[in-house]
Each structure stands twice: as structure tokens, then as C-alpha cells.
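1. Next input, structure requested:
(chains A and B)
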2 protein chains.
Amino acid sequence: MTKAMAETAQERADLLIVHGHLLTMRGAGVGYLPDGALAVAGGRIIAAGPTGELEARFAADNTLDAYGCAVLPGLVDAHMHTPWAVVRGVAQDVAHWMQKGLAPYAKHLSPQAALAGTRLNVLEALRAGTTTMGDYATPFPGWAEVFDQAGVRARLTPTINALPPGGMAGWRVGDLYPLDEKTGAAALQNALDFADAWHGAAGGRITVMLGPQGPDMIGRDQLLAVKAAAEARGLMIHMHVAQGDREIDQMLKRFGQRTPGYLAAIGYLDSQLLAVHLTEATDAETEMIAAGGASMALCSGSIGIIDGIVPPAHVFRRAGGRVALGSDQAAGNNCNNIFNEMKLTALFNKIKYRDPTVMPAWEVLRMATIEGAQAIGLGDEVGSLEVGKAADIILVDLTEPNLLPILDTPIRTIVPNLVYAATGREVRTVIVAGRVLMRDGAMQTLDAAAIRADAQAAAQEVARQVAADPVHREMALLDAMAAGQL
Amino acid sequence: MTKAMAETAQERADLLIVHGHLLTMRGAGVGYLPDGALAVAGGRIIAAGPTGELEARFAADNTLDAYGCAVLPGLVDAHMHTPWAVVRGVAQDVAHWMQKGLAPYAKHLSPQAALAGTRLNVLEALRAGTTTMGDYATPFPGWAEVFDQAGVRARLTPTINALPPGGMAGWRVGDLYPLDEKTGAAALQNALDFADAWHGAAGGRITVMLGPQGPDMIGRDQLLAVKAAAEARGLMIHMHVAQGDREIDQMLKRFGQRTPGYLAAIGYLDSQLLAVHLTEATDAETEMIAAGGASMALCSGSIGIIDGIVPPAHVFRRAGGRVALGSDQAAGNNCNNIFNEMKLTALFNKIKYRDPTVMPAWEVLRMATIEGAQAIGLGDEVGSLEVGKAADIILVDLTEPNLLPILDTPIRTIVPNLVYAATGREVRTVIVAGRVLMRDGAMQTLDAAAIRADAQAAAQEVARQVAADPVHREMALLDAMAAGQL
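-> Numbers count the residues shown, from 1 in each chain, chains lettered A, B, ... in the order given. From the prediction side, this is the model:
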């Protein structure tokens, strides 16, 4: 048989990934396959199996040797606020993070600075193997285009609230927010326009959710209008829920109910809802939310730093709910890296329950992949390495000194080392929808040097304006600056 | 003035590091100096100050441009068990970590495997900016030589206990350990011989501590003999203290006292003691230990994973005690990286006290540098960038995407981002005693490829023996293997 004949007998693939330690995340565990291969065509996985089998079956334009690498579904970050990366590090170790730390920077965060922050954050997350980014932001020019051009998968949520611009100026802790119906209506309309433009864009890579900022920041009727609009368009709702004592205080004062009870009463607790944080939810409230079918976005790092709290994800999961991980914003969490979130989630929950068996490595790896994908409504598209799914794939170098050894029997070390020892920098190659976005650590779609320089310049301009504004004198960290602690 | 004359007028330096963001750790804070420089000669820092000033004053053989980098004292890891890196990842997420996870691997850890583990661990730690390694191990051929040849600073502690070799075979949880005086005496003599050979070796880079494994693993008279020997030789004592409920149970049964009270009664709680873990110490016991002048080694990562506990370092420090960070062993903690320990320490304590202001970034950075150095008795030698101290210095690239932006005013972002956002992979250059051990990420003294290959081969041999030994059937993780979770 000639070579040409052999090739004719083979099926075509755009890409073959061979000789990897596959963690397919199929089934109820991690779906491990030794010396595994994936065939990709048209941006989708067309086969997954033993390397020998796939090499015989496919003729591929390109082949990636994944020897020594774990091959995983791209990681899912369900909840980010990317613009804030531009002021990473300005507000840690403070009480009243929002008011005493971030507020002056929020006041001076220009659309240009937000764009620089988003670009920086997408670079950071992509470098660490995040392929699906659930970003929540007040839209600014170029926001969605960053994700489009980077080639990543994005779930974008434009902020909806009824807080009048500038109307919070005289607001004091304990006062009711000055809600304004016109502002709320305009925000909803903007979000719907954004959804018209971007939901399903870039061949389906970019989709949209509707995002009431919190049930305390919008009236009841408008919150219901958001739900009606979401149902009419088949969109999910992405909302902060029970995210702080300030929210609970507002809810009690305005509606006479804590958040979970209020949401149950107005019919909000169903599978359309991605509920973010649940920081202040009791175990009973958490179980009720999970039982309703809603999903949870767990932001271990940011809530740990900002509040010193471990959200009730363990209770939520025991009640049957699905949990996705989120890195939140770098002005609170300092990094947007799902490896960081996996590790912190496992460790924080062991500490919360004083039990090393709580949240084992495989569970948090599922939250970062298939369970996270399901939680944000993309479970049929990404989150596992299965035929028909989008080819969102990462290769992680297991031969880095901090991930060795690779043992297979009697105990396999790969998953515990990915969760407890990896930093994200061991990610070598990132593929989204079949396209290689990072190859051996080198960005293929992003100009990393330009993004870094722009972010630094934009951040300096924001900081200059904060320094010139008397409002900065209320920042808690000025004392630490004066004491030489920063 | 001719060029030659100008050079004659200048002082000589081996190395100038210029244009860095210096965190000197002088004084009570972080000792920040913008656009700072260090001059190094004869392995020591001979000047620290503004770049312009030092460039004018010194003619240097080599100059390192640290523009965009933080320049820090090399990090101190006070408590490691480096051999265990060779079985990283075999025993996470289990109750009874020692008995149900690690024991079969401990049984088959050959001296050859231990050596491979130590080499791997030194590579890993050096890559992440650790320059002082406080290693605790049962000596094996080549142990100290690894640190010597790598060029790092080491504080080595050979294990001393009175547990007869093989005598633990029939031991059941709850039984008293079968202590054997001859074993204890031989271990002490071995440790003293080791100290004779290595204390002060390599120009003082390598020093030795005496290490009773725990007060439960040796008789009272022999524990006192260790102290007498340590005092006679001016050595510190490095001991696990209140490290688990099993220890407390042994102490109550054998001596009728919990560990801290026992140690106080026999005169052990003084500045000669580095007390490791204090996992089970009450707040009152912790305060007593600190008040006596002892130091604490805090292993946040390993105790978090193994026990789900946050040790009482915050209480220890409030009582005036000094705390060093330790990464413990990779079979429990999975990584030996002081950036990891800084972050976990800050976050775990915020969660423990539900207070984001507890353990701010600058405090944990001090524990990783000057306070850690003081805690292990090297405070006059390393831990800060000051004239006369050893030139143990690291450069960390602050322009990596996850560490940007670098803001100086009104809030400086460098220290929070080093603690909360860095992974350790941003360390670019490592210098110990004036010698460059890693330059732009490339090892200068270690053959990284050989170390990685040897560790993998040695690990596979250990795993093969464990798999062939019926003792492995007691491992808790066999269920997870069967369930496809690993």
C-alpha cells in the first residue's frame, strides 16, 4: 500500500494532540486516560482516545506532542470584573474594602483605563489556562472586542442597576440607596442592546447574560422586568446574591426580607440564575437556593481577602447545586487565575470544616471545568473533552519541578498536584475552538508587551487623578503608607 | 579628569544591582527605596542606596539592571523535609495522613530516593526565590552536599528520636511508642557528628541545628541531653511541638502533661528553641511559649491540607514571639514555595478571625524575610538588605501581567501584589552570598534536566515497591483511585 493510499483511508483532522495524560472530566470523576489523544476539526473535538488508535485513524494538518503534559478542558472562570486589573493591589488588608479602599479608584476609572484593565486581565487569565471568561462590567467601548480578538470564549454580563450616576455622592453607610427607575430602565435597555449585538457572536464564542448588580440595587418591578426579558431571549441571569452585610441591611430596610427569601418570593430561584458569592447566606438559605435549581459562582480568593469569609459552596453542592469558580476582580483578589481559586477553595473549606477530606482535588477540578461549565449554562459546549464539544483545551507541563513526580500507581499524583502544587505558570499551550492562542508560553493573538505597557500607563493616570482628588484622604491604607508598610 | 582617574577614585564592588524597587526590610516596615541599588563585594552587601549615588561611588565587575523588578532579601524557609518531594501528591485529601496516606511510601523511601527528592526540592525552592532552607531529615549520603553544591544557604537538622528501627511495626494508634534509649543515644551522637562536619561549612552558608523529632518521641533525660549538647555547642534546637492530637495523647499518657507545660517544666522554652507547628497549642499555651523567648515555624500550607487547621501564629506574634514560615514536605503540602506560604498565611488568618485586616501583606513579607531570619537565629546574617549582611538577594519581575501595575502613590501596590498575586515564578534572579544561582530564570549551579529525570525515575521505583507491598492496601486513596477521582 502506498503512502498516498494510506492517507486516503484516514479521516482528516485539523489537529491531533498526542501522548498526553488526558483528564477528560467525563463521567463522575476526572476521566483519566493515559497516553491519550484528541482529534480536532472545525473547532470541535471529533475523537478522544488512545494515541495509537487516533494516530492510525487520522491524518492531521498539525500534531502537538503532549508527552509529559496533562491535557485538560480549558478552565472556566465564571465571575470576573476585568477592568479592575488596572488597579491591582491598591486596596488589600482593609476593613470596608469598597468605601475605604476602592472608591477613589472607582471614581477615576475612565473607559480607557477600564479597557487597559480588561486587556491585561484577559492576558493574565489566558496565560493561566482560563479559556471561558465570565466577565461582569459596565460596558465601555471595546469591551467585547477584547475577548473577540483574543480568541477566548466569553460570557459577558453588562451591569444593570438603578443607582443614579453621581447620586451616591452623599450616601452614608446605613442609608437606603437612592434608586432611580429611569436609570434602571436605561441600564436594562443598554444590556438588551448589548445582547442583540453580541449574544452568539464570533461563531458562538461570545454570549451574554443579564446582570442585575444585586437585588438591593434595583426595584422589585425592574428586577422582574429583567427576568421577563431574560426568559423571552433565553438568557441567563448573573447576579450578586447575599454578597455582604450591606446588601442584607438594604434588603431588610427596603423589602423587609433577607435576599434569599425575597428572591424566592418573586420567583427568581430557578436554573436561569447564576448566584454570585452567597457570602451572607445561611446554610438553610443556601440549601433553598440550590434546591431551586440556581447555580453558584464561588469566589474564594476575593471573599477571603475582602471579608475573611469562606462562602457556603460545600453546603450548596451537598444540596445538589452546581458551583463554578470565579476570580472576581484583581483590586480585591489580586489575581485572576483559576489554579489559584482551585487551591484556595480546597484549602479554605478544609479549614472551615476542620476536615482534610472536604473538597478533595477532583471536586475542585470539576468545579473549574465541567461543573463550572454546567453552572453557567455551557455544559453542552465546553468543560470536558468529549466528541462534539468545542475544542477548548489546555496542556499543562507536569515535568516542571513543582509538579514532579508523575506517578500512576498505586496512587495517581496528577490531579492533587494540579490542584495543590500548580501555580498556573505550568500551562504551556492554550487552545480555544480549535485555535492555538498560546503555544509553549508564547501568545499567538495578543501583543503582551503592548498590553503590559498600556496597563501601566493607564494605571498611573488613574493613580495621578486619585492623588489629586481630596477623596483619597479617606483611604484606610494611607496609614500603612505613612508607616512604611507598603 | 581622565576616565582612569575617575575609576581610581571609585570603590570596588563585585556586583552592582541598580534601578530596582528595593524592599530592604530595614526598620519596622518594608524599608522601601525607589530606584534603589545595592553594591556587593566578598559575598556581602557593602552599600544600599539610591542608584545614582551608588553608580557614582562604585566601579563594579558586573552590573544587574533591576528596572521593573522588586529587589528583596532572599526568602527564608524555616522548616522543610526535602526528601519527601519525591512522592509529591500521593497523600492528599485523607484523614490520618501519616498512617493512611504516607506510611507505605515512608517504608520504601530509600536513601537514593531521598537524595533525588532533596535535589528536586532544592531546585523547586530556589526557582521560587528561597535562599535559606531549613531542612529537617534523617541524614542520608549526600544530603548536605546538595545544599553545598547548589550554593544556597542551609540550616540542616538531623532527626533525633528514640523510636527503634522496625519497632513501630506492631504499633497501634493509642499505644505508647516503644522508646529505646540506645536508639536515642545513637541518634544524638549521629547529630553531633553531623554538626562537627557541617556546622559553619561552606564559608558559613551551612549550619546545623539539633532536632528532637518531638517531645513524645524521646525520653525526658535524653531530651535534656539534647539541650545540654546544644547549649555547649551554641546550636539551636529545631523541634515539632504540639504538632497533632497523637502527640498530645502520647504526652499525657507518658508524662501526664500536655506538651507546652512539659517543656516549660523541663526548661525548654527559651530563645534556643524553634518550635514547629503548635497545631494543637491553646492560645494560653501559645502565649507561654512566645513569652519564654522561643520562636515559631508556621507551616500554613501543610497543616491546612493535612489537618484543616490554622496554627496560632497570630497569637504567638501578639505575644511578642517571632514567626518564620515553613513549607514542610511536598508529600503533605505539595509545594515548597514561600510565596505560597505568604499568601496562605495571610488568607488563612483573615478567615480564622473573620477580619481582613489580620496579617496584612507587610507582616507576612517580614515573616518570609527578616522576622524569619531572626526566628531561626540568622537575623544578623540575612533577612534584610543592609550593609554587612550576606548578599542573599532576589529580583522579582513586577512587569509580569499578574503583578502589574506598579503604582507608587497614593498607595504603593508592590507589597500587596507580591503577597497576594505572585506565584514565585516571577522570580527572575537569585543571588546567595554574592553568587548568582539563577539568572533570568536559568539555573547556574544546578542541572535542572538531570534533577527532574532522576526524581521521576526514583519516584517510580518507590511507587513500584509500594505497589508490590501488601501494606499499600491500607491506603485511604485506593477508593478514590477505584472511583476514577485521581
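2. how much space between the residue of the stretch 51-200 of chain A found nearest chain B and B:Asp408?
-> Closest residue of the stretch 51-200 of chain A to chain B, Cβ to the nearest Cβ: A:Gly89 (3.1 Å). In short, each C-beta sits where N, CA and C put it, glycine included. According to Cβ to Cβ, to the nearest Å, A:Gly89 stands 11 Å off from B:Asp408.
3. could you say which helix or strand contains the residue of the stretch 51-200 of chain A closest to chain B?
-> Secondary structure assignment for A:Gly89, by DSSP states H and E: no helix or strand.
4. OK, contacts around it?
-> A:Ala330, A:Ala331, A:Asn334, B:Pro405, B:Leu407, B:Ile411, B:Thr413, B:Ile414, B:Pro416, B:Asn417, B:Tyr420, B:Ala421 (Cβ atoms under 8 Å, 6 or more residues apart in numbering or on different chains).
5. before we move on, what about A:Gly36?
-> A:His19, A:Gly20, A:His21, A:Leu22, A:Thr24, A:Ala48, A:Gly49, A:Pro50, A:Thr51, A:Val71.
6. if we go to 6 Å?
-> A:Gly20, A:Leu22 (Cβ atoms under 6 Å, 6 or more residues apart in numbering or on different chains).
7. What subset of the contacts of A:Gly89 is buried?
-> Taking 16 or more other Cβ atoms under 10 Å in any protein chain shown as the criterion, what is buried in the contacts of A:Gly89 is A:Ala330, A:Ala331, A:Asn334, B:Pro405, B:Leu407, B:Ile411, B:Thr413, B:Ile414, B:Pro416, B:Asn417, B:Tyr420, B:Ala421.
8. how would you label the second one: helix, strand or coil?
-> Reducing the assignment at A:Ala331 to three states with DSSP: H, G, I helix; E, B strand; the rest coil gives coil.
9. separation between it and chain B?
-> Distance, A:Ala331 to chain B, by Cβ to the nearest Cβ, to the nearest Å: 10 Å.
10. my guess is that residue meets A:Trp84, correct?
-> Yes. Contact criterion Cβ atoms under 6 Å: A:Ala331 and A:Trp84 qualify, at 4.1 Å.
11. Measure how buried A:Ala230 is and give me the count.
-> 22 (other Cβ atoms under 10 Å in any protein chain shown).
12. can you confirm it is in a helix?
-> Yes. The assignment for A:Ala230 is a helix, going by three-state DSSP.
13. doesn't A:Gly211 make contact with it?
-> No. A:Ala230 lies out of contact with A:Gly211 (Cβ under 6 Å); the separation is 9.9 Å.
14. A:Val436: what secondary structure?
-> Assignment for A:Val436 (three-state DSSP): strand.
15. so who does it touch?
-> With contact set as Cβ under 6 Å, 6+ apart, A:Val436 has these partners: A:Gln444.
16. hmm, 7 Å instead?
-> Going by Cβ atoms under 7 Å, 6 or more residues apart in numbering or on different chains, A:Val436 touches A:Thr429, A:Gln444.
17. Look up which residues are beta-bridged to it.
-> Judged by DSSP bridges, the bridge partners of A:Val436 are A:Ile431.
18. How about A:Ala275?
-> A:Met239, A:Met296.
19. what residue ranges in the stretch 51-200 of chain A are flagged as low confidence?
-> A:167, A:169 (pLDDT under 70).
20. Around chain B, which positions in it sit nearby?
-> With Cβ under 7 Å from any Cβ of the partner chain as the criterion, the stretch 51-200 of chain A meets chain B at residues A:86, A:88-90, A:92-95, A:97, A:120, A:123-124, A:127.
21. how many neighbours does the residue in the stretch 151-300 of chain A that chain B sits nearest to have?
-> Ranking the residues of the stretch 151-300 of chain A by distance to chain B (Cβ to the nearest Cβ) places A:Ser300 first, at 8.9 Å. A:Ser300 has 30 neighbours, counted by other Cβ under 10 Å.
22. Help me confirm that it comes into contact with A:Ala346.
-> No. Taking Cβ atoms under 7 Å as the definition, A:Ser300 is not a contact partner of A:Ala346, at 8.9 Å.
23. what's the closest non-adjacent residue to A:Gly308?
-> Distances taken as Cβ to Cβ, 6 or more residues apart in numbering or on different chains put B:Lys350 closest to A:Gly308, at 3.8 Å, once the chain neighbours are dropped.
24. mind listing what's buried in the strand or helix carrying the one you found?
-> Under the criterion of DSSP H and E, B:Lys350 resides in helix B:338-353. For helix B:338-353, the neighbour count (16+ other Cβ under 10 Å) marks B:338-352 as buried.
25. Over to stretch A:44-52?
-> A:Arg44, A:Ile45, A:Ile46, A:Ala47, A:Ala48, A:Gly49, A:Thr51.
26. can you list the weak-confidence ranges in the stretch 301-450 of chain A?
-> The stretch 301-450 of chain A contains no residues with pLDDT under 70.
27. Could I get the full set of helices for it?
-> All helices of the stretch 301-450 of chain A, identified by DSSP state H, counting those that start in this stretch, fall at A:313-318, A:338-353, A:361-368, A:370-375, A:414-420, A:448-468.
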